Structure formats: C-alpha cells, structure tokens
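Visitor: Return atomic coordinates for the entry below.
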Amino acid sequence: MLKLLILFLLLPLLVFSQNVTHLKLSDIDGKTVVMKEHLKAPATVIVFWATWCIPCKKEFPAIQKLQEKYPEEQLQVITISRDTPRSLAKLKAFIRTHSYQFVYLLDATGEVSSKLLVNTVPFTMLVDKSGKVLYTRSGYRKGDEAELEQQLLRLWNQTQNTK
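Guide: I've put the predicted structure just below:
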C-alpha cells in the first residue's frame with residue numbers, strides 16, 4: 001500500500017521530467033507532425049481535449065483570451081484531440097465553427113497521451129521553447145486560467161531575465 005501511495009505522489013513529477021519535442025502526431029488532414037516543428041514561441045500551451053468534453057469547450061475561450069491578452073509574448077496553443085477517427089467530421093466541424101488561433105493535432109490511438117501520463121481531458125500543459133513541461137493541470141473549472149496565466153508570466157519573466 002505504501003509503495004502505491006509513493007508511486008501516486010511521484011507520477012506528477014514524471015510528467016515534469018518529460019520533453020515533448022520528439023512526439024509525433026497527425027494533423028486533421030492526416031499528415032504526420034513532429035511537435036518540435038510547432039515549438040517556436042517562448043511559451044506553448046498544449047491542451048488534450050475531445051469534442052464530447054464540455055469542460056474542454058469551456059476552457060478554449062479562456063485560453064484564446066490569454067493568447068489575445070499577450071500578443072507580444074507570442075503564446076502558441078496546440079490542441080491534441082483524443083477523438084477517434086470516426087468523429088473526425090465532428091472535429092473538423094468544430095474547428096470550422098470556431099475562430100480559435102490554435103494548432104489542431106490528433107491522438108486518436110492515445111499513444112502520445114499514454115507517453116505523457118495524460119489520463120483525462122481536458123489536460124493542460126505549459127511547455128517552454130525547448131519542449132520541457134513546466135506546468136500541468138487536469139480538468140477545467142472557470143477561473144483555472146488565472147493559474148495558467150501566472151505560470152505564463154513566470155516563464156516570460158524568466159525568459160526576459162536570461163537574455
């Protein structure tokens with residue numbers, strides 16, 4: 001029992017030791033994408049989500065507002081859908097009907113989610129330009145974006161101080 005408790009407490013630390021640059025996913029047109037190709041901004045928010053997930057859909061406007069609030073910081077947002085290939089039409093319809101400035105990728109098999117220990121949606125990550133995971137949050141409730149904003153400001157401040 002103690003071993004399970006210790007493992008449970010250490011799992012979040014494993015996510016922070018992750019680097020996402022090597023991950024390969026598909027875009028909505030089926031082309032293979034290496035995550036490193038999208039990590040050009042100083043900060044990237046990655047959101048694992050699904051079209052059937054109501055909290056996911058509620059989180060997107062909040063993240064879009066953060067992106068608009070800090071245009072000079074070049075915040076990149078990458079969404080990784082956990083939808084199955086059968087719901088690709090729903091996914092494409094969602095993208096067409098919303099004007100979010102996000103990159104949309106797919107993890108229909110769950111392989112990438114598994115590598116990053118993502119078990120639920122929404123699951124939000126903040127990564128730096130090198131692909132290192134700096135912050136994670138599972139689930140979404142209105143107001144959670146304030147903590148994400150604080151983490152972003154901390155990252156941008158550190159980036160400014162190292163120049």
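
Visitor: where does this structure have low pLDDT?
Guide: The model of the chain has pLDDT under 70 over residues 1-17, 162-163.

Visitor: elements contacting the helix of greatest length in it?
Guide: If you go by DSSP state H, the chain has its longest helix at helix 144-161. If you count contacts as 3 or more C-beta pairs under 8 Å, 6 or more residues apart in numbering; DSSP states H and E, helix 144-161 packs onto strand 43-49, helix 54-69, strand 123-128, strand 133-138. Placement of C-beta: from N, CA and C, glycine included.

Visitor: out of those, deepest packed?
Guide: Greatest average neighbour count among these goes to strand 43-49 (a mean of 24), per mean count of other C-beta atoms under 10 Å.

Visitor: Tell me what angle it forms with strand 133-138.
Guide: If you take axes from the mean of the first three to the mean of the last three C-alpha atoms, to 10 degrees, strand 43-49 sits at 30 degrees to strand 133-138.

Visitor: Strand 43-49 to helix 144-161, inter-axis angle?
Guide: Using the same axes, to 10 degrees: strand 43-49 against helix 144-161 is 150 degrees.

Visitor: if I look at the closest residue to Tyr100 other than its chain neighbours, how far off is Cys56?
Guide: Of all residues not flanking Tyr100 in the chain, Gln64 sits nearest, at 5.2 Å (C-beta to C-beta, 6 or more residues apart in numbering). With distances taken as C-beta to C-beta, to the nearest Å, Gln64 is found 13 Å from Cys56.

Visitor: And Leu153, how far from Lys132?
Guide: 17 Å.

Visitor: One more: Thr120?
Guide: Distance of Thr120 to Lys132, given as C-beta to C-beta: 22 Å.

Visitor: Pipe the helices and strands packed on helix 144-161 into TSV and attach distance to Lys36 per row.
Guide: Formatted as TSV, the helices and strands packed on helix 144-161 follow (distance: least, C-beta to C-beta, whole Å):
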stretch	distance to Lys36
strand 43-49	11
helix 54-69	21
strand 123-128	11
strand 133-138	14
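
Visitor: which stretch among these comes nearest Asp83?
Guide: Nearest to Asp83, of all those, is strand 43-49, at 8.7 Å by C-beta to C-beta.

Visitor: Sheet partners, orientation included, of the closest one?
Guide: Note on strand 43-49: by DSSP bridges, its sheet partners are strand 75-81 (parallel), strand 123-128 (antiparallel).

Visitor: Can you tell me what sits against the shortest one?
Guide: Residues external to strand 123-128 that are found in contact with it (C-beta atoms under 8 Å, 6 or more residues apart in numbering): 15, 20, 39, 42-48, 59, 63, 113, 116, 133-140, 144, 148, 151-152, 155, 159.
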